[in-house]
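1. A structural model of the following input is requested.
(chains A, B and C)
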Amino acid sequence: MHDSADLESRGVPTVFIATEPFVDSAEAQARALGVEPLGVFVPHPIQDRTNDEVRGIADEAVAKIVNGLTTGGISFSRN
Amino acid sequence: MTSEQRVVLDPTSEQKPKSIPRAPRLASLEKRTIGLLDISKPKGNVFLDRVEQELRALGATVERFQKPTFAKLAPVDLRHEIATRCDAVVEALAD
Amino acid sequence: MSPSTSLPSGLVAFVKRDCPTCELVVPVLQQISAKASLTVYTQDDPTFPPGIPAVDDTALEQSWHHQIETVPTLIRVEGGEERERVLGWQREEWEALTGIPALGDGLPALRPGCGSLSVDPSREAELSVRFGGSKLHARRVELAALEDEMEAMYTRGWSDGLPVVPPTEKRVLEMLEGTTRAPDDVIATVPPDLVACTVEKVAINAVMAGCKPEYLLVVLAAVEAACTDRFNMHGVIATTMGVGPIIVVNGPIRRAIGMNSGMNVLGQGNRANATIGRALQLVVRNVGGGRPGEVDRATYGNPGKLGFCFAEDEESSPWGPLSADLGAEPGTSTVTVFAGEGPRNVIDQRSREPMSLARSLAATLRTVQHPKLAIGFDAMLVIGPEHARVLKEAGWSKEQLIERLTELLTMPGEEMMRGVDEMAEGMPESFRSQPVTKFRPGGLLVVHCGGSAGLFSAILGGWASGPKGSQPAVQEIRP
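-> Residues are numbered from 1 along each chain as shown, chains lettered A, B, ... in the order given. A predicted model of the protein is given here:
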């Protein structure tokens, strides 16, 4: 979150990826910092999954990542 | 401050939340350099390897960066390096 | 009073082990508890007093709420209300209060008590935050667990570029000790957002600036002065010129808070000079919303916009204080706020005659903002002690100095015209056929300060005068 905020302030569009349970904490931190970095949320957990499962999750996330870097349409989406 | 005293008083007028505006988005990813910042969480690299593959397929150049540990903020020189070399950044994976 | 802080009915004693008088009266407390209902609160060690069950008040909540200043204190409580109390050991008073005769046989008739821990200066601020924090109305901001507190100030945009002191409740309460005014008193409407600014908000920014509580009164006065219509702080913020509010302090408060009026007076090093000016600018930034790149459009600004505050050297001045020139009572503590830029040095190491010195000063003053522009800009002339001595020995009053400078700074209109000397800038045609004086009447202020070695004076160029500009504002410093 801090890295995203810092890079945004340097003019670099940024998206951070976090798992679902992070949504509330990310919103709170963003509010606290007064920034609006974009978050893409993926299902939790990650570390317990197989590599194939993780790749599947990455596949689903890519569209949102691209959307977040090119159009700025997403904000704390839970989808 | 001690861990109890992490409260400060707001010095502002408290009139409206001051938001730091987002950087402008890219028109498209083609021929752009996208930085992938791995914050060193387990399986983060697997996730980002896949993202890298997909972004290349969309015509972007991808650069990989790694943060020393997941608990700390990226060091200043790393952020500077990322900012000067990349047009956009994906930071992953907090869990 | 909340149920948790009301005292039980009967007799109540506050003690601490670390107190010879409390030790002395242990047998008396035992006597009382055998005959009546007695509750003992102990401030440091709940196993004291021996032989009587005591209530642990090491958190000092009861002591603080019931304003215990001395231990032992004995209180009679009826119907949840305190009826009377005795401080220290006094046999007659204790017997009268308790209704129990022959207390403390063999003990001296009186022994004064010791200081209560709840009024210990090193703990008072912490306790008042914990138990009395309702005095403060500002939003509480909780920092995220991994946030560095210094970085947190930057991330939220509260800093002027230099680190600021995180304004914890404790620090702000201590700062508020510097005034008798209530924290929620509104003292000014701060531009550009025209925000009603309370004493509390000033205190928060004063903490951030690094002020000590004894500087707060000066900061409050500076905020009041800067936010007057006459000073036009909005204009001072919004201009493309590089001016900021310069604070000049007069009167006894200078010495009381240790301000600098001597060597390096316009520079760094003195905490009061450095932080008072800074606190005003932080109020403008944080409360008023005046920030560079937003309403603040200065092309260059100047380093003084971090903060610019100094004390006049009245003691060795041949003249009266600056404040008196602007209508204040000499001898009172005041701030004068002047819209000005950074200092220019004027060297004159050779003038022994006052007119020669005046010509040096005038020639340099001529160039404030531009040599061929006049009337529109004010200036402050800072006379150094060595230069002042030349003028004093010649018997010149401040008024005479200003009169001579005004004469020397009066030029024929033709010299000042646009295009003259192949400089496009200058005065418009309408001024051609009249003498043009550099500064409007009252537009040149004179103040005395500086190191005692150095045949220099300094010039602080001002901003626009007139209805759209700024005029210096004086404010008395009040408790």
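2. And the strands in chain A, which stretches?
-> Applying DSSP state E to chain A gives strands spanning A:14-19, A:38-42.
3. from the ones you listed, which stretch is densest packed?
-> The highest mean neighbour count among the strands of chain A, using mean count of other CB atoms under 10 Å in any protein chain shown, belongs to strand A:14-19: a mean of 25. In this view, the C-beta of every residue, glycine as well, is placed from N, C-alpha and C.
4. Tell me which of the strands of chain A approaches chain C most closely.
-> strand A:14-19 (14.6 Å; CB to the nearest CB).
5. related to what we said a few turns ago, redo the strands of chain A as a markdown table? Include distance to chain C and mean pLDDT.
-> Shown next, in a markdown table, are the strands of chain A (distance: least, CB to the nearest CB, whole Å; pLDDT from 0 to 100):
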| stretch | distance to chain C | mean pLDDT |
| --- | --- | --- |
| strand A:14-19 | 15 | 88 |
| strand A:38-42 | 16 | 85 |
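6. Report the residue ranges of every domain in chain C.
-> C:3-119, C:150-476 (automatic domain parsing).
7. Can you tell me which of the ones you listed is nearest to chain A?
-> domain C:150-476 (5.2 Å).
8. pLDDT of that closest one, averaged?
-> Averaged over domain C:150-476, pLDDT sits at 96.
9. Ends of stretch C:441-460, what's the gap?
-> Stretch C:441-460 has an end-to-end distance of 17 Å (CA to CA, to the nearest Å).
10. Give the buried residues for that stretch.
-> With burial defined by 16 or more other CB atoms under 10 Å in any protein chain shown, the residues of stretch C:441-460 counted as buried are C:443-450, C:455-460.
11. Which member of those is positioned nearest chain B?
-> So of the buried residues of stretch C:441-460, ranked by how close each gets to chain B (CB to the nearest CB), first place is residue C:460, at 28.1 Å.
12. tell me the phi and psi of the closest one?
-> Here is the backbone geometry of residue C:460 (degrees, to the nearest 10): phi -110, psi 100.
13. residues near residue C:39, how many?
-> Using other CB atoms under 10 Å in any protein chain shown, residue C:39 is surrounded by 20 other residues.
14. Make CSV out of the strands of chain A and add distance to residue C:43.
-> CSV is the format used below for those (distance: least, CB to CB, whole Å):
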stretch, distance to residue C:43
strand A:14-19, 49
strand A:38-42, 51
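15. Go through those and name the closest to residue C:373.
-> Go through these one by one with CB to CB and the one that ends up closest to residue C:373 is strand A:14-19, at 48.4 Å.
16. any low-confidence regions in chain A?
-> A:1-2, A:28-29, A:31-37, A:72-79 (pLDDT under 70).
17. Identify the residues contacting residue C:171.
-> Residues in contact with residue C:171 (CB atoms under 8 Å, 6 or more residues apart in numbering or on different chains) are C:165, C:207.
18. Do a quick rundown of the helices in chain A.
-> Using DSSP state H, the helices of chain A run over residues A:2-9, A:23-33, A:51-70.
19. same deal with chain B?
-> Taking DSSP H to define them, one finds helices in chain B at B:44-57, B:76-85.
20. Which other helices and strands does the longest one contact?
-> In other words, helix B:44-57. Identification of packing neighbours for helix B:44-57 by 3 or more CB pairs under 8 Å, 6 or more residues apart in numbering or on different chains; DSSP states H and E yields helix A:51-70, strand B:33-38, strand B:61-66, strand B:88-94.
21. Which of those has the highest mean neighbour count?
-> Ranked by mean neighbours (mean count of other CB under 10 Å), those are led by strand B:88-94, with a mean of 27.
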